[in-house]
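**Student:** got a structure for you, letters missing:
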């Protein structure tokens, strides 16, 4: 028995919770607004046993798909499950995924894609930091291009990329140069304090 619908009417987090609490087995295919496959989640007895989103797999794919707000879904309980790539409780994944989404909103505001990242010099502390500096090279590079480059390997998502850039900036290894137009646009979108009424 299958279930189809729109993510705008039944958010993915609610759908996953229903699958988990009901101990369902099957494959959940997610489609973007244009109808293209955005990714797949596979469940066995309510546990996540597989997840794919582009080059991302397992938890990283799950977190990336959780950000999908528009589009549609198709849950097929009859679809045979192939080899499990993970075996994870969805409750803890949902909690962590929602926390990461909140943090990602803040990071996108502080580190906008049009900003340029300039190498100042210093040491890396892990492989992901080394990859970031490898994309940079001499001079400056667009922050959005660095994030996209890190996604290619499939072992890092946008959250990983932005938190790594934030750590490198905090240590003075890189400098993030935000264009003035981006700051002004963000300020214009920010809620404005209420204006006091003019005295008569």
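**Tutor:** Right, received. Where do you want to start? This one's a predicted model, so the numbers in the text were calculated from it and none came from an experiment.
**Student:** Look up how far residue 65 lies from residue 38.
**Tutor:** Taking C-beta to C-beta, to the nearest Å as the criterion, residue 38 is separated from residue 65 by 7 Å. All C-beta spots, glycine's among them, are computed from the backbone N, C-alpha and C.
**Student:** quick one: buried residues of the helix or strand hosting residue 166?
**Tutor:** Applying DSSP states H and E as the criterion places residue 166 in helix 158-170. By neighbour count on 16 or more other C-beta atoms under 10 Å, the buried set for helix 158-170 is 158-165, 167-169.
**Student:** Can you lay out these as TSV showing pLDDT?
**Tutor:** Converted to TSV, the buried residues of helix 158-170 look like this (pLDDT from 0 to 100):
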residue	pLDDT
158	92
159	94
160	93
161	93
162	96
163	96
164	95
165	95
167	96
168	95
169	96
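**Student:** wait, which of those is closest to residue 45?
**Tutor:** Nearest to residue 45 among the buried residues of helix 158-170 is residue 159, at 28.3 Å by C-beta to C-beta.
**Student:** what about the closest one, distance to residue 35?
**Tutor:** From residue 159 to residue 35 the distance is 27 Å (C-beta to C-beta).
**Student:** How much space separates the residue lying closest to residue 167 once chain neighbours are set aside from residue 168?
**Tutor:** In this structure, residue 167 finds its nearest non-sequential neighbour in residue 129, 7.3 Å apart by C-beta to C-beta, 6 or more residues apart in numbering. Per C-beta to C-beta, residue 129 is found 6 Å from residue 168.
**Student:** Let me see the contact set for residue 110.
**Tutor:** Applying C-beta atoms under 8 Å, 6 or more residues apart in numbering to residue 110 gives the contacts residue 166.
**Student:** count of neighbours near residue 25?
**Tutor:** Other residues lying near residue 25 total 17 when counted by other C-beta atoms under 10 Å.
**Student:** Offset the numbering so it begins at 5, please.
**Tutor:** Noted, 5 is the first residue going forward, which turns the last one into residue 29.
**Student:** Quick check on it: phi, psi?
**Tutor:** phi -120, psi 140 (degrees, to the nearest 10).
**Student:** Pairing partners for the closest residue to it other than its chain neighbours in the sheet, please.
**Tutor:** Spatial nearest neighbour of residue 29, excluding adjacent residues (C-beta to C-beta, 6+ apart): residue 48 at 5.0 Å. Going by DSSP bridges, residue 48 is paired in beta bridges with residue 51.
**Student:** Break the protein into its domains for me.
**Tutor:** 6-106, 115-193 (automatic domain parsing).
**Student:** Where does pLDDT dip in this protein?
**Tutor:** Counting by pLDDT under 70, the chain shows low-confidence ranges at 5, 84-88, 157-158, 185-204.
**Student:** any idea which element the most centrally placed residue in it lies in?
**Tutor:** Compute the mean C-alpha point of the chain, and by C-alpha atoms, centre = their mean the closest residue is residue 68, 4.0 Å away. Per DSSP H and E, residue 68 falls inside helix 62-70.
**Student:** Nice, that's everything, thank you.
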